[in-house]
Structures are given as C-alpha cells and as structure tokens.
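J.: just to be clear, the model below is a prediction. Sequence and coordinates:
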Amino acid sequence: MTKSSLKYAKSHEWIRVEADGTATVGISEFAQDALGDVVFVELPQGGATVNAGQQVAVVESVKAASDIYSPVSGRIAAVNDALKDKPELLNSSPLDAGWLFRIEVSNAAELDALLDASAYDSSHD
Amino acid sequence: MGQRTPLYQKHVDAGAKIVDFAGWDMPLHYGSQIAEHRQVRDHAGVFDVSHMNVVDLDGSEAEAFLRRMLCGDVAKLQPGAALYTLLLNEEGGVIDDLIVYRREGSWRLVANCGTRAKVLAWLRQHAAGKQLALRERADLAILAVNGPAAIATVATLLAPAQAESMHALRPFECAGSDDLFIARTGYTGEDGVELIVPAAAAPQLWDKLVAAGVRPTGLGARDTLRLEAGMNLYGHDMDEKTSPLSANLAWTIAWEPADRDFIGRAAVTRDRALIAEGRLPVLTGLVLETRGVLREGQEVTTDRGKGVITSGSFAPTLNLSIALARVPVHITACTVDLRGTPTPVRIVKPRFVRFGKKVFD
C-alpha cells in the first residue's frame, strides 16, 4: 500500500477505496504523532448510516480526546475490533493495521473533494 | 527558541519530541510516553530536570529565614536531611512547592521552573537586610534517576566512596558536594536519586546512565508517574489561590512549635477551621472504571455539590484513568461529565501507585 493511493480530509483522516468498492478510513501519520500514545478508541456502530463530515469515532490519547469525522457519506461496513485491545496500533501502524472502519461509499463524488497526499502534507506545514 | 538545558542536544539525538515548558525546550517523550512510564515502574528511567530552580542559601540567619518562609520546620532537619514543603503567601495560598536540603553549613532549595521569577523575588524581598546569601544556581544540572533498578545502576557509575555514601542514604536524605550532589528524592513513587552536577558534567553522566540501561524519560511520563503516585503538580493541583488544606498538603505544615510564625500561619489556621466546618473543598482521588480518560478541567458532580478535576490522565500502570479533583468535603458519590455523558467514578484516597503496585482499595 502506498501513501499515494490515499485521499485525506483536512481533519486528518485518510480514506482508501478497496478492490471490493468499499473504502477504508484511518488517521494520518501526522495525526498519530501529534496525539501521542493512543489509549482508547471508540468506533462507530456497524451498519450505521453516516454523512460526510459527521463525527463517528473518538480517539483518546495520553494528551487529548479527538473526534474522528467520516470523510464521506455511506454505511459503516466494518470496524477494526483489534483496536479495542490494541489501541497502540494507531501509533505503530496508522495507515495499515491501525485502520478505523470500512464504509460503503454512497456518493463517490465526495472522494474527489478530498486532498491527495501532497496537498494534505502541505496543508499542515 | 526557548531556553535549553545542558542536555538539550542529548534529547534531540535520542529522537525526543521537544515541546515548550514554561519557556524551556524540553523533551515530552522519545517515541512512547507509555513505554517510558513502564520502564520507570519496571526498571529505571532518567529525567532531565535541569530547568528546575536551584537556590543555595547560607549565612547566620539562613535557618531563621527558612523557618519564617516555609510552612514546614527546617529546624527539625539534621545536615543531610531533606523536606518537601511549601512557600505560602500571607493569605495561605501556595506560591510554590519545593524540597529543601540541609547541608553542612548551607541550605539548598529545589523549586519549580515555571515559578522561578516570582519565587526569587519573594525570597529576595524577605531576605533583604538579613545575614544571609541567596544564590541562584543556573550553573548546575539535575538528572533524576528513578525506578527499582535506579540506585543499583547509578552505583556502577560512581567512585567507590561516592557509591558508599549513596547507599547510606535513606529516603529524603542527601550527600555530596557541588561536583556531585546526591539526593534520595524523586517525583514518581519509585525509589531513586536526583543527581545535581555542574552543567558541563551533565552530558557525560547522561551518556553513562543510558549506556548502563537507564532509559531517557520525558516530561509526559513524568506527569503520569507523579499522578499515579498522588503527587501534586504546581499550577494545576494548587496555586496562589489554593489553601494547602484544599490540596491534600496539610501534612506539609508543621503546626508545632506554636510560636513559630511562618508566613501564612494565620490563614491556614483559619482554613483548618473552615475545613472542619465543611466550608473549604478538599482534593480527592478519582478512578474511572469504564472506558474513557479523565482530564484536567472536567466538571464533577457530587452528592454535596460541584467540583473540578485538577489533574487527570490515563494511568499506564493501572490500565485505567485516574484523576485528582477538588470537591466538597465528605462526598460519597461522584460523576464526571465525559464529553456530555455523566459517568460514575469511584472516590479514593489521592494516591494510586507506590513501588510499582496499586495502593488504593
């Protein structure tokens, strides 16, 4: 998986469209570094319908509690249950094993409005 | 760029995330705050606390001066003994908390960094015209080495005579000279020593400690370690508007002898009566047994009124969240507003971990 296959929201979530058409969502390397050690993750309900920009999860670190927003509208298809016992995956592997949830995208046009990796990187310099 | 300790480059080389702390560029962590916390509980870690305010005093009136300035009584200290105590203002508020060390013929105070200017001004104002010399020691560095393996590891780095004098120290005792001052004090709830050395000697001592297996530990872990130990943080758990009796610090006040007129005595005597009547709040411990993290500033609701969390965090040793909170006296039930959800928390004595083990019921 390369960073260039990801799209980013300004609120520091990434999203990647998978082969089956669903999209995976997580938080960026920049976000995990800023948060410090993650200690709890509150994930959305599987099956829930959410809107782009809606708060759907919470990441609590040693430093602060951070709201996580869905980058797109759709239905939550799966959540990463491994984070319940191993929240530190968000720090060690934010773009891979530390993913948060999968979503069935209801409006693909919303993906086009997100940032590519280089635009995201320059958005928080 | 902020002020830097003699160990700044060591922190950068070790991969520290550097943050501003009261105008100083200090290490928050070197990768993982939680891993550093656990290393101190399980083995040993070293903190650079050279930003703290070291003040040496000597002179024929130094003892009388300190007996007036501090709420604890230094007359009880033998040379080589240390005391955790407070500088109070006339209203009984806490100007700073500090450790005073009695040495042969002199005294050493180690106070907070963020309060440096006001503490020096307060001390100098009251020292004027007295037979005493007050000297700020910005030429020194402090390395705090804490953890069950701390003393044994430090011993391997010292000359035999130095190691012997360190091993002879009981908790809250100190020994040594300006080349190497060793105090068996700390801020983590673990055994250990604070080593005060000339700035130029600090980097080499740091390297030796790290080579001996003592892990660099940042201010992030220092905060969670002290919170688990139930130790207050100045500016959070108490300040100039807080009575020591509302900050779980009544034990630092020496009420006897009754004729010792320390600054703030009348005010804290009044506060003692107010506490007994339930008219002043107290500092308690809180434990959250469900998911979530207690944070400073969160409002708490009790069976006797509102209160506030003064320090809160995830406690890595306990794997749950703990807090210190200022609440009405004699409460029996408490909930915390966690992001809009009132959540029950357990009320405990404000002391959570000692020597690596949970200590509350």
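T.: Perfect, I can see it now.

J.: neighbours of A:Ser11, just the number please.
T.: 16 (other CB atoms under 10 Å in any protein chain shown). From N, CA and C alone the C-beta is placed, and that goes for glycine too.

J.: make that B:Lys357, sorry
T.: Other residues close to B:Lys357 by other CB under 10 Å number 9.

J.: pLDDT score for it?
T.: For B:Lys357, the pLDDT comes out at 94.

J.: mind listing the residues bridging to it?
T.: B:Arg354 (DSSP bridges).

J.: how much space separates it from chain A?
T.: Noted for B:Lys357: a distance of 21 Å to chain A, by CB to the nearest CB, to the nearest Å.

J.: can you tell me the closest non-neighbouring residue to A:Val105?
T.: A:Gly74 (4.7 Å; CB to CB, 6 or more residues apart in numbering or on different chains).

J.: check B:Val282 too.
T.: B:Val329 (5.2 Å).

J.: residue numbers of chain A in contact with chain B?
T.: Within chain A, the positions lying close to chain B (CB under 8 Å from any CB of the partner chain) are A:33, A:36-37, A:39-40, A:42, A:58, A:60, A:62-65, A:88, A:91.

J.: if you set the cut-off to 10 Å instead, what comes out?
T.: Neighbours of chain B within chain A, by CB under 10 Å from any CB of the partner chain: A:33-34, A:36-42, A:58, A:60-65, A:67, A:84, A:87-88, A:91-92.

J.: pLDDT of stretch B:129-147, averaged?
T.: Mean predicted confidence for stretch B:129-147 is 97.

J.: tally of neighbours for the single nearest residue of the stretch 201-350 of chain B relative to chain A?
T.: Minimum separation of the stretch 201-350 of chain B from chain A (CB to the nearest CB) falls at B:Phe314, amounting to 4.3 Å. Neighbour count for B:Phe314, taken as other CB under 10 Å: 28.

J.: mind checking how far it is from A:Glu88?
T.: Remark: distance between B:Phe314 and A:Glu88 (CB to CB, to the nearest Å) = 12 Å.

J.: run through chain A and note the low-pLDDT ranges.
T.: By pLDDT under 70, the low-scoring segments of chain A are A:1-4, A:125.

J.: looks to me like the residue nearest to B:Val282 is in a strand.
T.: No. Using DSSP: H, G, I helix; E, B strand; the rest coil, the assignment for B:Val329 is coil, not a strand.

J.: what score does it have for pLDDT?
T.: The model reports B:Val329 with a pLDDT of 95.

J.: also B:Arg291?
T.: On the pLDDT scale, B:Arg291 gets 87.

J.: could you look up the SS state of it?
T.: Going by three-state DSSP, the state assigned to B:Arg291 is coil.

J.: if I look at it, how far off is B:Phe314?
T.: Distance from B:Arg291 to B:Phe314, by CB to CB: 11 Å.

J.: how about residue 26, phi and psi?
T.: All of this is about chain A. Here the main-chain torsion angles of A:Gly26 (degrees, to the nearest 10) amount to phi -150, psi -170.

J.: my guess is it contacts A:Asn80. True?
T.: Yes. Under the criterion of CB atoms under 10 Å, A:Gly26 makes contact with A:Asn80 at 8.4 Å.

J.: shared neighbours, B:Phe314 and A:Glu88?
T.: A:37-39, B:34 (CB atoms under 10 Å, 6 or more residues apart in numbering or on different chains).

J.: which residues in chain A form helices?
T.: For chain A, applying DSSP state H gives helices covering A:29-35, A:82-85, A:89-92, A:109-112, A:117-123.

J.: what does the stretch 151-300 of chain B give?
T.: Remark: helices assigned in the stretch 151-300 of chain B by DSSP state H, counting those that start in this stretch are B:160-167, B:202-211, B:219-228, B:265-276.

J.: pick the most buried one from those helices.
T.: Mean neighbour count (mean count of other CB atoms under 10 Å in any protein chain shown) peaks for helix B:219-228 among the helices of the stretch 151-300 of chain B, with a mean of 24.

J.: counting by contacts, list what that one packs against.
T.: strand B:17-21, strand B:24-29, helix B:33-42, strand B:45-48, strand B:140-146, strand B:305-315, strand B:320-327, strand B:353-354 (3 or more CB pairs under 10 Å, 6 or more residues apart in numbering or on different chains; DSSP states H and E).

J.: got the angle for it vs strand B:305-315?
T.: Interaxial angle, helix B:219-228 versus strand B:305-315 (axes from the mean of the first three to the mean of the last three CA atoms, to 10 degrees): 130 degrees.

J.: just the strands from chain A, written as ranges.
T.: All strands of chain A, identified by DSSP state E, fall at A:7-8, A:13-17, A:23-27, A:38-42, A:49-50, A:55-61, A:65-69, A:74-79, A:101-105.

J.: B:Leu245 is nearest to which of these?
T.: Distance to B:Leu245, taken as CB to CB, is lowest for strand A:65-69 among those, at 32.2 Å.

J.: give me phi/psi at B:Asp303?
T.: Torsion angles, degrees, to the nearest 10, at B:Asp303: phi -70, psi -10.
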